[in-house]
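Engineer: predicted model and sequence follow; I will ask about them next.
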Amino acid sequence: MTEFANPSDFDWNNLNFSYHPLPYRFRAYYDNGTWHDMGLETDPYLPIHEGSTALHYGQQVFEGMKAYRRADGGINLFRPDQNAARMNRSNARLLMPEVPTEMFLEAAKAVVQANADFVPPYGTGATLYLRPFIIGVGPNVGVQPAASYIFTIFATPVGPYYKGGLTPTAYVTSDYDRAAHGGTGQAKVGGNYAASLMPGDQAHQAGYSDVVYLDPRLHENIEELGSANFFGITKDGQFLTPKSPSILPSITKYSLMAVAEELGLTARETTISIHDLDQFSEAGAMGTAAVISPVGSITHGDDKHVFFSETEVGPITQQLYNRLLAIQFGDEKGPENWIVDV
Ligand code: PLP
Ligand code: COI
């Protein structure tokens, strides 16, 4: 029997990014071409067959999204339609069935509503992180897609992913790659993260927050970080972010590109050489878990490049952060359809 968390267990102002067993999660099962038996469940365990493709061949896809408590006590989701769309692009890459957008959105809302007491209070900065995922299950041994699947969403209250929140941290490049050119970098699949565990651990052991991956063909251009996309603000007011076929199309990135344009910057996806960091006055990591985390420095071989400061967030990064969070927490109106009331 799982012992579930209690809202009174949490120190909302000091949460880190970790799993807590909340009472409800969503489940749906796919067999013979249809989704069935969908609804809320209490059991956090998934009994699956030993031949499941998710266990052997990594046939699994996941998403990450958040629920935000508004000042009026209501709850927002941020662009959940984009998570549904990306999950289906990832599913297509791994020959997994489509999750109907309506089912995805209703499931996300149901999980938030059922666990509403665990959506952290407004003003703490903490949020309820949702982890939708889909796995191939059933008896298989050959390398082929499963016939059956489970789609599920669990939730856990979280604080900052990169320690320090808006305090800059240090990053380092690696000789390893997380995804190949033409591989699964654009899909949110567990295999990319499995490949990142060892380089990530080496970076952590050496005192860095995360790895800056370089492009897998030339090892010359910035790809992304282990758990977030990268952006740099140029000295002449451009918001630049890597363009690459082997990185995750971050929803936070596309949102921040729009916010940057609103703030009068020019936003562009482009090639960013690891040898051309002097063009930037500020840099940051961006993602659902990472939110915006200033990149204080990048160490590449013997070179350590410091951006704005190793201790203070830069002014433009701070503006981007303020505007994005104001939209997400419902303090300010953002572009149409970004916010979904739960
Ligand atoms: N890149 C990687 C490798 C990630 O794990 C994430 C997190 O989801 C992102 C980028 C950012 O994507 P998003 O902004 O959609 O959360
Ligand atoms: C997210 O930001 O949702 C992620 O998936 C990052 C990480 C926790 C894997």
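Structural biologist: Here it is on my side, so go on. Ligands and ions are numbered 1, 2, ... in the order given.
Engineer: surely V112 and M65 touch.
Structural biologist: No - counting by C-beta atoms under 8 Å, M65 is not a contact partner of V112; they are 9.9 Å apart. C-betas here are computed from N, CA, C, even on glycine.
Engineer: which neighbours do the two share?
Structural biologist: By the contact definition C-beta atoms under 8 Å, 6 or more residues apart in numbering, V112 and M65 are jointly contacted by 77, 130.
Engineer: the nearest residue to Y29 once chain neighbours are set aside: what secondary structure?
Structural biologist: Distances taken as C-beta to C-beta, 6 or more residues apart in numbering place D37 nearest to Y29, at 4.9 Å, with adjacent residues excluded. On the three-state scheme (DSSP: H, G, I helix; E, B strand; the rest coil), D37 is labelled strand.
Engineer: and the pLDDT at the residue most central in space within the chain?
Structural biologist: Central residue of the chain (C-alpha atoms, centre = their mean): T288, 4.3 Å from the mean position. Looking at T288, its pLDDT reads 96.
Engineer: what sits against the closest residue to ligand 1 within the stretch 101-250 of the chain?
Structural biologist: Nearest residue of the stretch 101-250 of the chain to ligand 1, counting by C-beta to the nearest ligand atom: S250, 3.3 Å away. By C-beta under 8 Å, 6+ apart, the residues touching S250 are 224, 228-229, 286-287.
Engineer: tell me the domain boundaries of the protein?
Structural biologist: Domain assignment for the chain by the TED database gives 7-158, 169-329.
Engineer: out of these, which gets nearest to W338?
Structural biologist: The closest of the domains of the chain to W338 is domain 7-158. By C-beta to C-beta, the value is 5.4 Å.
Engineer: could you give the average pLDDT over that closest one?
Structural biologist: Here the average pLDDT along domain 7-158 is 97.
Engineer: give me the neighbour count for Q202.
Structural biologist: 15 (other C-beta atoms under 10 Å).
Engineer: would it count as being in a helix?
Structural biologist: Yes - the assignment for Q202 by three-state DSSP puts it in a helix.
Engineer: got a pLDDT number for it?
Structural biologist: So Q202 comes in at 98 (pLDDT).
Engineer: which residues does it contact?
Structural biologist: 174, 211.
Engineer: and for Y208?
Structural biologist: Counting by C-beta under 8 Å, 6+ apart, the residues that Y208 touches are 169-172, 299.
Engineer: find the nearest non-adjacent residue to N14, please.
Structural biologist: Using C-beta to C-beta, 6+ apart, the closest residue to N14 is G159 (6.9 Å).
Engineer: one more: F239?
Structural biologist: Nearest non-adjacent residue to F239, counting by C-beta to C-beta, 6+ apart: A260, 3.7 Å away.
Engineer: is it correct that that neighbour falls within a helix?
Structural biologist: Yes - the assignment for A260 (three-state DSSP) places it in a helix.
Engineer: burial check on it, number of neighbours?
Structural biologist: When neighbours are counted by other C-beta under 10 Å, A260 comes out with 25.
Engineer: that one and ligand 2: what is the separation?
Structural biologist: Taking C-beta to the nearest ligand atom, to the nearest Å as the measure, A260 and ligand 2 are separated by 19 Å.
Engineer: hang on, isn't that residue packed against L320?
Structural biologist: Yes - A260 is within contact range of L320, at 6.4 Å (criterion: C-beta under 8 Å).
Engineer: without its sequence neighbours, what residue ends up closest to the closest residue to ligand 2 within the stretch 1-150 of the chain?
Structural biologist: For the stretch 1-150 of the chain and ligand 2, the shortest gap (C-beta to the nearest ligand atom) falls at G64, measuring 1.9 Å. Ranked by C-beta to C-beta, 6+ apart and with sequence neighbours excluded, the top spatial neighbour of G64 is T288, at 4.6 Å.
Engineer: which ones are touching the one you found?
Structural biologist: 64-66, 129, 251-252.
Engineer: against R93, how distant is it?
Structural biologist: 20 Å (C-beta to C-beta, to the nearest Å).
Engineer: which residues does the closest residue to Q279 other than its chain neighbours bridge with?
Structural biologist: Distances taken as C-beta to C-beta, 6+ apart put T234 closest to Q279, at 5.1 Å, once the chain neighbours are dropped. The partner list for T234 in beta bridges (DSSP bridges) reads F280.
Engineer: hang on, T234 packs against E282?
Structural biologist: No - using C-beta under 8 Å, T234 makes no contact with E282, being 9.1 Å away.
Engineer: pull out the buried positions in the host helix or strand of F104.
Structural biologist: Assigned by DSSP states H and E, F104 falls within helix 101-114. Buried residues in helix 101-114, counted by 16 or more other C-beta atoms under 10 Å: 103-105, 107-112, 114.
Engineer: and if you look at stretch 14-26?
Structural biologist: 15, 17, 20, 22-26.
Engineer: using JSON lines, lay out those residues together with distance to ligand 2.
Structural biologist: Written out in JSON lines, the entries for the buried residues of stretch 14-26 read as follows (distance: C-beta to the nearest ligand atom, whole Å):
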{"residue": "L15", "distance to ligand 2": "14"}
{"residue": "F17", "distance to ligand 2": "7"}
{"residue": "H20", "distance to ligand 2": "15"}
{"residue": "L22", "distance to ligand 2": "17"}
{"residue": "P23", "distance to ligand 2": "22"}
{"residue": "Y24", "distance to ligand 2": "20"}
{"residue": "R25", "distance to ligand 2": "17"}
{"residue": "F26", "distance to ligand 2": "17"}
